[in-house]
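[1] only geometry, no sequence info:
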């Protein structure tokens, strides 16, 4: 009978394994469909806003009518994004990352992973980003991916209950012991079941006292509940990683994020599932995107005989060359420290702003008005700066052709604003501030990651690299100059704009993320520092090209690390979204001062939000001091939610009654 029961249990475990991997595949496909729909909606809204405003912009024209049209559409979209959060699903506000971290830490949060929250989060993210707010899609994508994984798991369990076949129910595979009349008979039966199969067997006997008189089926039910809880947390963590993969078209970053941030423990099976989910997400995003551009026959031919290229920076095969010099490393380290310092300051100011907003804005209608006001301020600054911008002549035809080859296109629509927007300038001229301020946030990141200065001829650099020769002045058709596609004052102004508007908008009652704004601010700041270095070389008489996209990528990594306090996941996000694999060594080096300086100055934004929400988050053991560990282990808790560490000010989960929803 024991062998038969063991065989039945093995069959259940196999069925459970197949169900887990099937859920991973379905989660990847659903996350890809979600990403495709939101991206298409965002581009459609951007197309609508810019096209409507450009109809009223002409050389020497006024600002009032374009301002009215642009902001009327933008504010209406932002209000729609906030209505669902204010009235239907408050947990859909913000990025959702603190809630997902708390849930995977073992804290039950009712309403976090429901269908209603998923719908409000997805539509709200589409409308908030499409309205022009300084917000990213990665945070909402993370919560949407987690919701998808949790919902699919729940549906699979409901289906199993209806079909009376539950692969996670082990209790019907072992003999029941209700007929044993006393504890002695139960112990004899347990000894019989746990007897080793042979003398050479290494199976450890289960002592009957270990179960404290609990029946075999009851004990297995407890084990089943523990396994289901682990499975739920792993599914949610895997879904969060699939969301990152969908946001940045970065499967490796999604897997790294699952382990580094979303899960509270390392699991080899979870890492494998996150890898598979990320790969499935990226493939189906490509498939869905191409299906809108090609017929069925063309799509089949492309899948058969064309190389597949898809990246966050664009899917048009843009080739970007990255390089760096050893002497730049100390400057990179300084840039990393500056990124950590600036984002620690940003975090401190944003916590004050969120605290004030929480105290003042208590009614749903006030929260909606706050979101619309943030949108109005953001888009008004865009138009004011572009209208007041000086004009410059459009580059010569040859140079313009070279630069246009580097510009990334939109996925679904023709961009209404090109790399040299005319706007209010006369014919043959362009608005130098409008180059960045009148671009959607994600498009500006792609441009800063991609566009080389005119003097950095990729063909020349490739030849020098292949022949392993030094780059000399004679190698260039045009010597390096400090003139970049984006001027220094434009980059400085754009960094300040994104930094301040992110400070204003993060924490509003709408789905918003923080990663892509950090990439935009960091890319502008990094490119600005690169131009300063190039100018210093020229003043010293040194003819040496500095890689401006490389500096943009490293600046983005520094700011992102200073804000999110992640390392491996951040590196992979930046590398996969930019394609800047040659920059991996300096990127690793600069992230160390960025993260640890920011940690030393102020708590991370997500950790602060977890504390502010009152979640009894239990940190990792290696993050506790010996005194904190001793306090945690010695504290006796009966019916309170958490024990508070007076040393660190952190809430430590010790014990909790079942009726407390935060535990």
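    In hand now; what should we look at? Source: prediction; values computed, not measured.

[2] before we move on, which element is residue 291 in?
    Following DSSP states H and E, one finds residue 291 within helix 268-293.

[3] next: residue 322.
    Using DSSP H and E, residue 322 falls outside every helix and strand.

[4] quick one, what contacts it?
    Contacts here follow Cβ atoms under 8 Å, 6 or more residues apart in numbering; on that basis residue 322 touches 547, 549-550, 553, 579-583. Every residue, glycine included, has its C-beta placed from N, CA and C.

[5] how near is it to residue 443?
    Per Cβ to Cβ, to the nearest Å, residue 322 is found 20 Å from residue 443.

[6] can I assume residue 570 is in contact with residue 591?
    Yes: Residue 570 lies in contact with residue 591 (Cβ atoms under 8 Å); the separation is 6.5 Å.

[7] what residues sit buried inside the helix holding residue 291?
    Within helix 268-293, the residues that count as buried by 16 or more other Cβ atoms under 10 Å are 270-271, 273-290.

[8] ok, of the contacts of residue 322, which come out buried?
    Judged by 16+ other Cβ under 10 Å, buried ones among these: 547, 549-550, 553, 579-580, 582-583.

[9] returning to that earlier point: which residues do residue 570 and residue 591 both contact?
    The contact sets of residue 570 and residue 591 overlap at 557, 561 (Cβ under 8 Å, 6+ apart).

[10] if you count what's nearby, which of the two comes out ahead?
    A side-by-side neighbour count of residue 570 and residue 591, using other Cβ atoms under 10 Å, places residue 570 first with 29 against 26.

[11] show me the residues around residue 48 that make contact.
    Residues counted as contacts of residue 48 (Cβ under 8 Å, 6+ apart) are residue 73.

[12] that one falls within a strand, correct?
    No: applying DSSP: H, G, I helix; E, B strand; the rest coil, one finds residue 48 to be helix, outside a strand.

[13] buried residues in stretch 484-494?
    Neighbour-count burial for stretch 484-494 flags 484-487, 490-491, 493-494 (criterion: 16+ other Cβ under 10 Å).

[14] take those and keep only those in helices.
    Among the buried residues of stretch 484-494, the members found in helices (DSSP state H) are 490-491, 493-494.

[15] can you tell me how far residue 252 is from residue 568?
    From residue 252 over to residue 568 (counting by Cβ to Cβ), the distance is 10 Å.

[16] of those two, who's got more company?
    Between residue 252 and residue 568, counting by other Cβ under 10 Å, residue 252 is the more crowded of the two (20 against 17).

[17] quick check: pLDDT value at that one.
    On the pLDDT scale, residue 252 is placed at 93.

[18] for residue 296, same thing?
    You'll see residue 296 listed with a pLDDT of 59.

[19] what helices or strands is the helix or strand containing residue 100 leaning on?
    Following DSSP H and E, one finds residue 100 within helix 97-104. Helices and strands touching helix 97-104, by 3 or more Cβ pairs under 8 Å, 6 or more residues apart in numbering; DSSP states H and E, are helix 138-163, helix 216-248, helix 605-613.

[20] flag every buried residue along the last one.
    For helix 605-613, a neighbour-count test (16+ other Cβ under 10 Å) marks 605-611, 613 as buried.
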